[in-house]
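Trainee: Need a 3D model of the sequence below.
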Amino acid sequence: MTARLCVATAALTPYLQPGKYHGIEPNAWLVQDAIAAEIGEDQVRLKQPRFSHNADFRTDVFGAAFDFILAQSVLSHTGRDLTQRLLANFASSLADTGLVLATFVHVGSMGLAAETQENGWVYPGCYAYHPETVLGWIRASGLSGRWLPWFHPSQQWYAMAKSPKYLPLPAKFSHLSGAVLSDTDFAAST
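Mentor: Numbers count the residues shown, from 1 in each chain. Now for the predicted structure:
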C-alpha cells in the first residue's frame, strides 16, 4: 500500500501503520494542539506521521502517491483559487486507484446565501459553493467526482478518483447513511 494523506485531522494517526500518515496543515500550532489534546507524543513516536505546514497545500512535498486523501472541513475555508489549486494537487498525488474524500459547504448551508467569489483562506469563517461549481472544479482538476450522502452536520461530502470506476456507486449509497449494519446487502456479504 502507498501512503495516506490527510489534510484535516491528526486523529486518524493511531489507526494507520507507522509512516503511513501524511498531514498538511498551514497552521503548525493546530497540529501541536491536536497532538497535545487528541493523540499524544507517544503516538507520534510510535506512528511516525509526517506533517507539512505549507499554505499552498502542496501534496508533492511528501514524494508519495496516496491511496486515500481526506480533507474534512478544509475546503470549507478555501477561496476559489486555493480550492482549485488543492484539487489539482490532489489529482497529481493520488494513486491511480486512490480515493479522495472531501467536504464542501453548499450555498444555503451555515447561513451562507451566496456562492463565494473571494480567493484565499478564511478561518474560522467559511466559503460556500453550488454543487455544480464543485463538480466542475473536480473535472477541471482531472478527477472524476460524486456527491455522497454521508452525514456531516453542516457540510457535504464528495468522493473523487482518477477514474469513475473507483467512485462509490449510487446503488451503494445506503451504506453511507449510517444504516449499514441493518442493510440486507451488507448482511449478504458476511
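
Trainee: Paired strands for the helix or strand hosting residue 97, with orientation please.
Mentor: Assigned by DSSP states H and E, residue 97 falls within strand 94-104. Paired strands of strand 94-104, with direction, are strand 66-71 (parallel), strand 156-161 (antiparallel) (DSSP bridges).

Trainee: Give the buried residues for that strand.
Mentor: Neighbour counts over strand 94-104 (16 or more other C-beta atoms under 10 Å) mark 94, 95, 98, 99, 100, 101, 102, 103, 104 as buried. All C-beta atoms are positioned from the backbone trio N, CA, C, and that covers glycine.

Trainee: and the last one, what are its bridge partners?
Mentor: Under the criterion DSSP bridges, residue 104 forms beta bridges with residue 156.

Trainee: Which pLDDT does the model give residue 61?
Mentor: Note for residue 61: predicted pLDDT of 93.

Trainee: wait, is it part of a strand?
Mentor: No - if the criterion is DSSP: H, G, I helix; E, B strand; the rest coil, then residue 61 is helix and not within a strand.

Trainee: Ignoring the adjacent residues along the chain, who's closest to it?
Mentor: The shortest distance from residue 61 to any non-neighbouring residue, by C-beta to C-beta, 6 or more residues apart in numbering, is to residue 52 (4.8 Å).

Trainee: Can you report how many residues lie near that neighbour?
Mentor: 20 (other C-beta atoms under 10 Å).

Trainee: My understanding was that it contacts residue 60; is that so?
Mentor: No - at 9.9 Å, residue 52 does not count as touching residue 60 under the criterion of C-beta atoms under 8 Å.

Trainee: Spit out the contact partners of the closest residue to residue 92 other than its chain neighbours.
Mentor: Excluding the flanking residues, the one nearest residue 92 by C-beta to C-beta, 6+ apart is residue 60, at 6.5 Å. Shown in contact with residue 60 (C-beta atoms under 8 Å, 6 or more residues apart in numbering): 89, 92, 93.

Trainee: In terms of pLDDT, where does residue 18 sit?
Mentor: 87.

Trainee: Next one: it from residue 68, what distance?
Mentor: 16 Å (C-beta to C-beta, to the nearest Å).
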